[in-house]
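Colleague: Generate coordinates for the sequence data below:
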Amino acid sequence: MLFRRERGVKGGDAGKRRRHANVAVWVVMSIIVAAAVSVGACAVFLPDRPPALLGASGEITEAKVSTQQYCGSQTVTLIPSISTSRALLGNSNGTVTADYSSGGLASGRACIRVNDRAVIALNTAIPLYRDLHVEDRGQDVRAFNNELNRLGYLSDPDSDRYSWNTQQGWKQLMADNGSDSDGTLQLADILWIPEPNISVGDWQATAGANITQGTQIGEIPGALVKLSIKNATPSD
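Modeller: I've put the predicted structure just below:
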């Protein structure tokens, strides 16, 4: 009987220990569940606010500016380069009866009248130096054909032959300037000019003047070619 009581006492102690262990487990689990519920509630109900360091920056709508005036002007001496003047030589002999040079000379228009016959200013690629007739050939004829064409008269452009078309074109040009022509280009009827339009200086062929072939009747003034800075050196 003594043996059995001892087992009963020991068995009772073991049962108490198991009950105490179960209670402790439940307490720990309750704490864990409560903590999880609290965290979830915080996640649901707390506002979603980013940390101050991660907040959106304010929009910049204005900024201060300043101005600074820089004046780098300085006085320099300019040296002009002028082309040389060119003499205009007449091909006619006689008395100047009209002078049309006051506004400059234009190719295809009368510049003067000598013995009441028009003298036509004419710009050709090369100076004309002889009378020209139908069937004459040469580079001067080609230049003449091309200028007649540029002026809008009948011709054979880029041809070195003085053709019927060339003859008719020249007759019409002379008629437009108040003079008759049989279509032969008489050197006395033209004044060669190096550009389609030019200004003239030292003009001698004024009304009443007597001119002779080969003499200077005016000049083309030199033109400004460039401007250079005196003693100029490269600067930063």
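
Colleague: Now do the domain split for this structure, please.
Modeller: Here the domain assignment for the chain is 8-39, 80-229, based on automatic domain parsing.

Colleague: mean confidence for the first one?
Modeller: Which is domain 8-39. Mean pLDDT, domain 8-39: 59.

Colleague: again with the longest one
Modeller: Confidence for domain 80-229, expressed as mean pLDDT, is 95.

Colleague: That one: end-to-end distance?
Modeller: 9 Å (C-alpha to C-alpha, to the nearest Å).

Colleague: for stretch 91-109, same thing?
Modeller: 16 Å.

Colleague: which of the residues in that stretch are buried?
Modeller: 91, 92, 94, 96, 99, 100, 101, 105, 106, 107, 108, 109 (16 or more other C-beta atoms under 10 Å). For the C-beta atoms, the positions are set from N, CA and C on the backbone; glycine is no exception.

Colleague: Closest to residue 66 out of those residues?
Modeller: Lowest distance from residue 66 to the buried residues of stretch 91-109 (C-beta to C-beta) belongs to residue 106, with 58.2 Å.

Colleague: Is residue 31 in a helix, a strand, or coil?
Modeller: With DSSP: H, G, I helix; E, B strand; the rest coil as the basis, residue 31 sits in helix.

Colleague: Please tell me how far it sits from residue 135.
Modeller: For residue 31, the distance to residue 135 equals 130 Å [C-beta to C-beta, to the nearest Å].

Colleague: same deal with residue 155?
Modeller: 15 Å.

Colleague: what's the answer for residue 189, then?
Modeller: The value you get for residue 189 to residue 135, if C-beta to C-beta is used, is 19 Å.

Colleague: Which one's more surrounded, these two?
Modeller: Using other C-beta atoms under 10 Å, the more surrounded residue of residue 189 and residue 135 is residue 189, with 23 against 11.

Colleague: can you pull out the helices in the chain?
Modeller: 2-45, 139-150, 164-176 (DSSP state H).

Colleague: Which elements pack onto the second one?
Modeller: Helices and strands in packing contact with helix 139-150 are listed as helix 164-176; criterion 3 or more C-beta pairs under 8 Å, 6 or more residues apart in numbering; DSSP states H and E.

Colleague: ok, and for the helix it packs on, which residues are buried?
Modeller: In helix 164-176, counting by 16+ other C-beta under 10 Å, buried: 165, 166, 167, 169, 170, 171, 172, 173, 174.

Colleague: which helices and strands does that helix pack with?
Modeller: Checking 3+ C-beta pairs under 8 Å, 6+ apart, helix 164-176 ends up next to strand 117-122, helix 139-150.

Colleague: Deepest-packed of the ones you listed, please.
Modeller: Neighbour counts (mean count of other C-beta atoms under 10 Å) averaged over each of those peak at strand 117-122, with a mean of 23.

Colleague: coming back round to it: which of the helices and strands packed on helix 164-176 sits closest to residue 199?
Modeller: Short answer: strand 117-122, nearest of the helices and strands packed on helix 164-176 by C-beta to C-beta, at 12.2 Å.
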